[in-house]
Structure formats: C-alpha cells, structure tokens
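Asks: let me see the structure of the following:
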Amino acid sequence: MNKQMTSMRLIALTAILALLPSLASAVQLITNEEAKLPVAAKLTARGGLTRGPSIKVLSPADSKVKMPFDMKLVFEPHGGANIDPASVKMTYLKSPLVDLTERIKPYISANGIDMAKVEAPPGEHHLKIQVTDSKGRVGSTIVNFVVMK
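Replies: Numbers count the residues shown, from 1 in each chain. Purely as a prediction, here's the structure:
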C-alpha cells in the first residue's frame with residue numbers, strides 16, 4: 001500500500017471518528033423500574049450561613065420536557081474556592097433513594113454537568129444534586145421536571 005492510500009484512509013477514519021459524538025445514543029438517566037418506586041419524603045436543598053457553591057439549572061429550562069432533553073447545570077463556587085468534580089452526587093428522590101452519580105460521571109466537570117439527549121420515563125421526577133467545594137462547603141439543589149408522553 002502506498003503512502004497516499006494510507007494517508008487517505010487515515011483522513012477518512014479521522015472524519016468518521018469526529019462524527020461519533022453526534023451519533024451517540026441517548027443517556028438513560030432514570031429507568032422504568034426506578035420511576036415506579038414510591039416518591040421519597042420531601043427533601044430540601046441545603047442552605048445555611050456558609051457560602052457554599054451554588055448550582056444553576058440552565059436546562060431543562062421548563063419543568064415540562066419531551067424526550068430526549070438536555071440537562072445542563074452550572075456550578076458556581078464562592079470565596080476563591082474551587083469545585084471538586086469527584087464530590088458531585090445526583091440522587092433520584094424515590095424510596096429508597098436512587099444514586100445516579102455513576103451514570104452521570106462522564107458528564108461532570110468542575111464547571112457543572114452537561115448531558116445531551118437525556119431519557120427518562122414519562123411522569124414527574126425529582127433529582128437532588130449536591131456538590132462540595134475545596135473549602136469543604138456543600139451546596140445542593142433540587143431539579144424538578146415532568147417528562148411528557
């Protein structure tokens with residue numbers, strides 16, 4: 001095989017690999033079995049006198065979504081602290097509580113959570129997101145949304 005042919009194949013392979021992220025399948029955030037669990041007792045986001053990190057929900061922007069939907073949250077540290085991505089936890093508020101952290105790990109950064117093409121069963125869902133900063137301060141929020149049929 002000559003160098004020109006090898007180079008052309010390499011270019012073609014590179015082009016195919018560049019398209020893969022856009023071809024990725026949806027992320028199943030919540031399973032049908034988990035959605036059928038009873039709703040957990042009312043939990044609230046942690047607040048207090050300390051200046052722990054804030055969590056802004058950019059998406060879903062509306063409480064009613066159609067599948068697939070994007071989930072984008074931004075972490076805002078305060079007082080010169082940094083966010084520890086390893087501290088991020090996402091919990092589905094069912095009884096028993098369902099830890100979703102492992103499912104979202106590839107989408108977590110120090111800046112937030114950025115997931116495209118999220119899927120969840122139709123119905124009402126409540127997620128608690130918790131993050132800790134480099135000063136040990138904790139911030140959390142509750143994300144509520146309804147997946148339309």
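
Asks: hey, let's count contacts and neighbours off CA atoms from now on
Replies: OK.

Asks: and the residue nearest in space to the middle of the chain, what are its bridge partners?
Replies: Geometric centre of the chain, nearest residue: Ile113, 4.6 Å, by C-alpha atoms, centre = their mean. Beta bridges link Ile113 to Leu73, Ile108, judged by DSSP bridges.

Asks: got it, and Ile129?
Replies: Here Ile129, judged by DSSP bridges, has bridge partners Met90, Thr141.

Asks: ok, it to Met148 distance?
Replies: Distance, Ile129 to Met148, by C-alpha to C-alpha, to the nearest Å: 22 Å.

Asks: ok, Asp84 next?
Replies: Counting by C-alpha to C-alpha - Asp84 and Met148 are separated by 34 Å.

Asks: now for the residue nearest to the centre of the chain: which residues touch it?
Replies: Residues near Ile113 by C-alpha atoms under 8 Å, 6 or more residues apart in numbering: Met71, Lys72, Leu73, Val74, Ile104, Tyr107.

Asks: what's the most distant pair in those?
Replies: The distance between the two most remote of those (C-alpha to C-alpha) is 14.3 Å, for Val74 and Ile104.

Asks: contacts made by stretch 67-83 with the rest, please.
Replies: Against stretch 67-83 from outside (C-alpha under 8 Å, 6+ apart): 26, 51-60, 110-120, 131-135, 147-148.

Asks: now the terminal residues of that stretch, how far apart.
Replies: 30 Å.

Asks: buried ones in it?
Replies: 69-78, 81-83 (16 or more other C-alpha atoms under 10 Å).
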